[in-house]
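Chemist: Quick one, structure for this:
(3 chains)
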Amino acid sequence: MKDEVKHPNGQRIPNGMLEDNYPRNMWWVAAYSEEVTTKPITRWLLETPLVLYRSEDGTPAALYDRCPHRWAPLSEGHVAGDKIVCPYHGMEFNSGGHCTKAPTQTMMPKTAQIPSYPVREAGAFIWIWMGDPEAIEDGPPDVTYQTDPGWSFLTGYMEVAANWVLIRENVMDLTHIAFLHKNTFKQDDWITAPDTYMEGETVCYEQEFDLAPLSPLFCAGMGLPEDKPIKRVQKGRMPSLAISFSDWNVHDPNPEEGARSDFIMRGCHIVTPSTRGHTHYWWGAAFDVPEISDDVAEKTKTSVVAAFDEDKDLLQKLQANVAADPRGLDFLEVTLGADGAGVKVRQILNKKLKAEGRALS
Amino acid sequence: MKDEVKHPNGQRIPNGMLEDNYPRNMWWVAAYSEEVTTKPITRWLLETPLVLYRSEDGTPAALYDRCPHRWAPLSEGHVAGDKIVCPYHGMEFNSGGHCTKAPTQTMMPKTAQIPSYPVREAGAFIWIWMGDPEAIEDGPPDVTYQTDPGWSFLTGYMEVAANWVLIRENVMDLTHIAFLHKNTFKQDDWITAPDTYMEGETVCYEQEFDLAPLSPLFCAGMGLPEDKPIKRVQKGRMPSLAISFSDWNVHDPNPEEGARSDFIMRGCHIVTPSTRGHTHYWWGAAFDVPEISDDVAEKTKTSVVAAFDEDKDLLQKLQANVAADPRGLDFLEVTLGADGAGVKVRQILNKKLKAEGRALS
Amino acid sequence: MKDEVKHPNGQRIPNGMLEDNYPRNMWWVAAYSEEVTTKPITRWLLETPLVLYRSEDGTPAALYDRCPHRWAPLSEGHVAGDKIVCPYHGMEFNSGGHCTKAPTQTMMPKTAQIPSYPVREAGAFIWIWMGDPEAIEDGPPDVTYQTDPGWSFLTGYMEVAANWVLIRENVMDLTHIAFLHKNTFKQDDWITAPDTYMEGETVCYEQEFDLAPLSPLFCAGMGLPEDKPIKRVQKGRMPSLAISFSDWNVHDPNPEEGARSDFIMRGCHIVTPSTRGHTHYWWGAAFDVPEISDDVAEKTKTSVVAAFDEDKDLLQKLQANVAADPRGLDFLEVTLGADGAGVKVRQILNKKLKAEGRALS
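Modeler: Coordinates of the predicted model:
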């Protein structure tokens, strides 16, 4: 079952709502760095229950959240030194998942071991590798700008009751802004498809826009008035299925005296499959402006969340409909020119699944 | 799977709780006429998600509620002229389900088409045909009395978490009134089975009752005192699995001077399968009295709803029990003489399913 | 399906979370005696919907909660004499499940019969036999102490969203007290495994403890101060999978003048499978002290419930995790020395299932 993914309707590219459609041999985001402490938390990633915690020396760890004795969730336990202690009968485990103590007996149960997962910290996040550790070649994608003092990084989290690919495709085709977000983004000029291309394994798109007022979502962050015509170049990059960026490169042709004329707003979209049909979604909106005030940050966050709630609401309804519909995935799916980046997403996904022995055929 | 319906226990008539047990080649009620406007609504009918709306010229339309591009629910979009516009990327569709515009490109995606369904307005309702359009021979059943100024038509809607056949059988065997509704209908004389017969494809029952007080549910609507002995003839008709009537033909042998001696209360029971195990239920209570006051209407409605809530509550518990029970439909089902009309319902249902290639064997 | 229970991972003993893992040929508790009156109640036991009621002469009865006519739940009806009356069309049934009246007709439907189940009253409970009545050899286990005036019997009920075996194993291995209940029981000396043995079909454990303060949960009931070192012998007995006892035999080596030196607190743990994955759990805490005040009883009950809520919370999380995990039961399970009694539980369970033709292999 796990090894076979059905491909409805004979379409050329795999549908974005297939179940069990996430590669394992890649870095996914597990949590914000600051969420993971010596107080264990439980989290479902890739349909697997995990406990995330830090040893008392600060080293993060990720284990399968099930004690091998009587299956209690370790996340209900506590950290002691560099061990996590099961809440039920006090068995202790190191970050490799090996049992180091069974309080009721002197003999250690040698076989008592649970899966552990490599984790790395990068940017604002802890990343996890849930596939074959031997397949690790590089670290997580470069997200150093997130902690760069030259940037202001705003971020938020949503749990979305929709397949992760729906979100990934949503953020790789921003021609929906003029329709779905017409009352929030108010950027109504983006209605033609951008150029798309690959840079190595990175999916890219790029598009230049004529003078037009900038979306009010980003004006405050750049210190620009909402009605001023500016030029902009939209550049998107998806270095990994787990994360993509959308850069709003803004050029003000008539800056106020002494003011900057060029800004970047770097959107960031991070998705990780959770339980079936549910996705962790972390968004970022970063300005190459170091000194954004709390007021502007709060106002920008509120506006961005209002817009992303429109995506969440639509995608959740879409997912719920398809899930309740006996017809399910057996439905026509037409691809448009504006889906250029989205199609590349599916091709990469298909290639990675094939490499893991789960071809979509 | 769809083409085969299991028939538990070798009983002679199909059980009323079989899944997927609704014919498609017939008119079902989709909505109140007044519910369907230029603001699209979503509704599940026959386990299919639909969007219902009117063009700006008032013509009603029904489409599959899924855009063929990236599957967004069209019901979240809006009507422009005689088109419905997808909320996600602005694709437009006519009432035949054909795409007429894709904003991000000049070439029209010719294959972008979704199922559309014939609709008709009759009485207070919009009716829909979800089967083979070639099989349409007649319009919906005659319900002109609903909008006849000589009648007062009271109506209400309930969503019931039970198979539609359970409701259909409930309203075709009113010997349950003396038991289930003893504190609401208070019509305790109906405890023997009526005569049942067919008029063409219409299931009928008829029964005369001796002098007895009329159910207080209907006294106010007829302007009769609650304790006065009257005669009545109960006549039931089910012209279609979608709708049935129960006429309370009332004769007052001693009318007040100058007052009428004969009245009709026409009960009306409309059911349409929704999602699996859920049914749309529209009820009507009409008096052949044009001048019913708002007070009397409101009081009558409240009493009727109280009684129908007793049916809803019982049928929902019944459905929930069978759904949770591993034994499911594998249970004895005994048919009584009072089930005469109900058995005819099942025979018609079976015949229609057979005609659609889904025999119950 | 019913006849085959899968045994994951090739482990030597069957896992405690297997579905459909309850024997039928044994006495299970159905309800508190006082819950069952002439007002019928519905209850799921062994994944079967039942109606429990008493005839007007006080005799308890248990029937399948489905009328054989149109499947209404009899528990919504009422008792008349020694019959239960269906709420829908007034059919009457005796305690053997035979129809004795069908109001709408003179001929009795001879085939209209539903399963009935033998019930017995013992202690504070009504017990039920849901298997083959021919297999009944003895009555329910001896629980006369529950109604013995020499004892004070405190009891409570919880519905637990976990497999009944998880609770059974929990209460047969109390080495979890020092960990899971460290803030409630505060009995931190029980961290080694007790001796376990069989007395006939009864699983037993026994363990002596050195001088130590007694758990504050039981001090009030025995009239002992919380910090006084006492000796105790823990004795456990499981005479049936449905019920087990844990006796806290307490010896105060330095009693106050004229005071008792020896006390028993008899814990009692009763489980009955309900719907799939849900268990009825009745607990008892009895002191061989006749005169416990309402205040002490209330305080003890509150403390005991706080502790048992810790078990309930952990087991429910465990069950929910395994249910949501695609890996399910396919996970390592390591057995420790302290599981001696729990392993005997599984062996007895396996033996009983085998005797009913449902081997775990």
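
Chemist: Give me the contact list for stretch A:223-230.
Modeler: Stretch A:223-230 has contacts (CB atoms under 8 Å, 6 or more residues apart in numbering or on different chains) with A:211-214, A:216, A:219, A:250-254, A:259, A:263, A:289. In this view, the C-beta of every residue, glycine as well, is placed from N, C-alpha and C.

Chemist: what does stretch A:249-268 give?
Modeler: Counting by CB under 8 Å, 6+ apart, A:143, A:145-146, A:151, A:155, A:171, A:211, A:214, A:218, A:221-224, A:228, A:230-235, A:243-248, A:282-289 sit against stretch A:249-268.

Chemist: ok, of those, which come out buried?
Modeler: For these, a burial check counting by 16 or more other CB atoms under 10 Å in any protein chain shown picks out A:143, A:145-146, A:151, A:155, A:171, A:214, A:218, A:221-224, A:228, A:230-232, A:234-235, A:243-248, A:282-289.

Chemist: Can you list which of those are found in strands?
Modeler: A:155, A:230-232, A:234-235, A:243-248, A:282-287 (DSSP state E).

Chemist: Pretty sure A:K317 sits against B:P73.
Modeler: Yes - between A:K317 and B:P73 there is a contact under CB atoms under 8 Å: 5.2 Å.

Chemist: More neighbours: which of these two?
Modeler: B:P73 (23 against 20; other CB atoms under 10 Å in any protein chain shown).

Chemist: roughly how far apart are the residue of the stretch 151-300 of chain A found nearest chain B and chain C?
Modeler: Taking CB to the nearest CB, chain B has its nearest neighbour within the stretch 151-300 of chain A at A:F179, 4.3 Å off. To chain C, A:F179 is 35 Å away according to CB to the nearest CB, to the nearest Å.

Chemist: Mind listing what's buried along the strand or helix carrying that residue?
Modeler: Assigned by DSSP states H and E, A:F179 falls within helix A:177-180. Neighbour-count burial for helix A:177-180, counted by 16+ other CB under 10 Å, picks out A:177-180.

Chemist: what's the most distant pair in the residues you listed?
Modeler: A:A178 and A:L180 (8.3 Å; CB to CB).

Chemist: what does the stretch 51-200 of chain A put close to chain C?
Modeler: Residues of the stretch 51-200 of chain A found near chain C (CB under 8 Å from any CB of the partner chain) are A:65-66, A:68-73, A:76, A:85-90, A:99, A:102-105, A:107, A:109, A:111-114.

Chemist: What of the stretch 251-361 of chain A?
Modeler: A:275-276.

Chemist: What residues does the nearest residue to A:T144 once chain neighbours are set aside make contact with?
Modeler: For A:T144, ignoring the flanking residues on the chain, the nearest one in space by CB to CB, 6 or more residues apart in numbering or on different chains is A:G123 at 6.6 Å. The contact partners of A:G123, by CB under 8 Å, 6+ apart, come to A:140, A:143-147.

Chemist: can you do 7 Å?
Modeler: Applying CB atoms under 7 Å, 6 or more residues apart in numbering or on different chains to A:G123 gives the contacts A:143-144, A:146-147.

Chemist: Closest to chain B out of the residues you listed?
Modeler: A:V143 (28.0 Å).

Chemist: shouldn't that closest one be in contact with A:I126?
Modeler: No - between A:V143 and A:I126 there is no contact under CB atoms under 7 Å: 11.8 Å.

Chemist: ok but A:L353 is inside a strand, no?
Modeler: No - A:L353: not assigned to a strand; according to DSSP: H, G, I helix; E, B strand; the rest coil it is helix.

Chemist: Tell me how far it lies from A:F331.
Modeler: A:L353 sits 22 Å away from A:F331, going by CB to CB, to the nearest Å.

Chemist: And these two? Which one has more around it.
Modeler: A:L353 (21 against 17).

Chemist: How confident is the prediction for the more buried one, by pLDDT?
Modeler: At A:L353, the pLDDT value in this model is 92.

Chemist: Likewise for A:E121?
Modeler: With respect to pLDDT, A:E121 has a value of 98.

Chemist: repeat for A:G16
Modeler: Taking A:G16 on its own, its pLDDT is 82.

Chemist: Next, count neighbours for it.
Modeler: 23.

Chemist: before we move on, back to that, in contact with the residue of the stretch 151-300 of chain A closest to chain B, which residues?
Modeler: B:87-90.

Chemist: any chance you could map the helices in the stretch 151-300 of chain A?
Modeler: A:164-172, A:177-180, A:216-222, A:294-324 (DSSP state H, counting those that start in this stretch).

Chemist: Determine the set of other helices and strands touching the first one.
Modeler: Same thing as helix A:164-172. strand A:243-251, strand A:262-273, strand A:279-287, helix A:294-324, helix A:340-355 (3 or more CB pairs under 7 Å, 6 or more residues apart in numbering or on different chains; DSSP states H and E).

Chemist: so what's the nearest residue to A:I167 once chain neighbours are set aside bridging to?
Modeler: Once flanking residues are discounted, A:I167 sits nearest to A:V271: 5.0 Å by CB to CB, 6+ apart. Residues in a beta bridge with A:V271, per DSSP bridges, are A:Y281.
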